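Undergrad: Give me a 3D structure for the following:
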Amino acid sequence: MQSVNELCEKGNSLSEVGMYQEALSCFKHALEKTPETYDYEDERVWILVAIGDTLFQLQQYSNAMELFLMTCSVR
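TA: Purely as a prediction, here's the structure:
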């Protein structure tokens, strides 16, 4: 079982080589494993931004914008 950090590192590595769908899967899985509590807000924001950036790379611009706006409301 992979940790949140391992999933994010894998997502970053996949994104760097243009494997955006696979990266998106890693980031989404990491987000699912991150508790929705105040203690984890920073991690959740970072993962949401990574998902948004990956969606942007996949040219899913409206979905990316939605995620970026969501990160603004987390804090």
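
Undergrad: Check which helices and strands the top helix by length along the chain sits against.
TA: Identified as the longest helix of the chain according to DSSP state H is helix 41-57. Where contact means 3 or more Cβ pairs under 8 Å, 6 or more residues apart in numbering; DSSP states H and E, helix 41-57 is packed against helix 4-16, helix 20-33, helix 61-74. For every residue, glycine as well, the C-beta is placed using N, CA and C.

Undergrad: What lies in contact with the second one?
TA: Pointing back at helix 20-33 there. Helix 20-33 is touched from outside by 2-4, 7-8, 10-12, 14-15, 44, 47-48, 50-51, 54-55, 57-58, with contacts defined as Cβ atoms under 8 Å, 6 or more residues apart in numbering.

Undergrad: same deal with stretch 35-52?
TA: 4, 8, 11-12, 15, 24, 27-28, 30-31, 34, 64-65, 67-68, 70-71, 74-75.
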